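> show me how the following folds:
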Amino acid sequence: MSTEESPTAKETRFAVNEDWAATIIGLALLVLVITGVIPTGVVP
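Have a look, this model is predicted:
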């Protein structure tokens, strides 16, 4: 048996990190709009 990682292991890990980054950015934008920092007309 081999203990080497599969070639797609790093890509999968990156995809999860990318999804979390998008989630955090989206939540941050939502908070900025709700608090009034970004006017409602700027965000479609």
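> burial count for Val33?
14 (other C-beta atoms under 10 Å). (Glycine included, C-beta is placed from N, CA and C.)
> and it, which helix or strand is it part of?
For Val33, the host element (DSSP states H and E) is helix 9-35.
> SS state for Thr40?
coil (DSSP: H, G, I helix; E, B strand; the rest coil).
> so it touches Ile34, yeah?
No - look at Thr40 against Ile34 with C-beta atoms under 8 Å: they stay out of range, at 9.7 Å.
> any shared contact partners between those two?
Residues touching both Thr40 and Ile34 (C-beta atoms under 8 Å, 6 or more residues apart in numbering): none.
> please tell me how far Ala28 sits from Trp20.
Look at Ala28 and Trp20: by C-beta to C-beta, to the nearest Å, they are 12 Å apart.
> neighbours of the nearest residue to Leu32 once chain neighbours are set aside, how many?
Closest residue in space to Leu32, ignoring its immediate chain neighbours: Ile38 at 4.6 Å, by C-beta to C-beta, 6 or more residues apart in numbering. For Ile38, the neighbour count with other C-beta under 10 Å is 14.
> what of Asp19?
Neighbours around Asp19, by other C-beta under 10 Å: 10.
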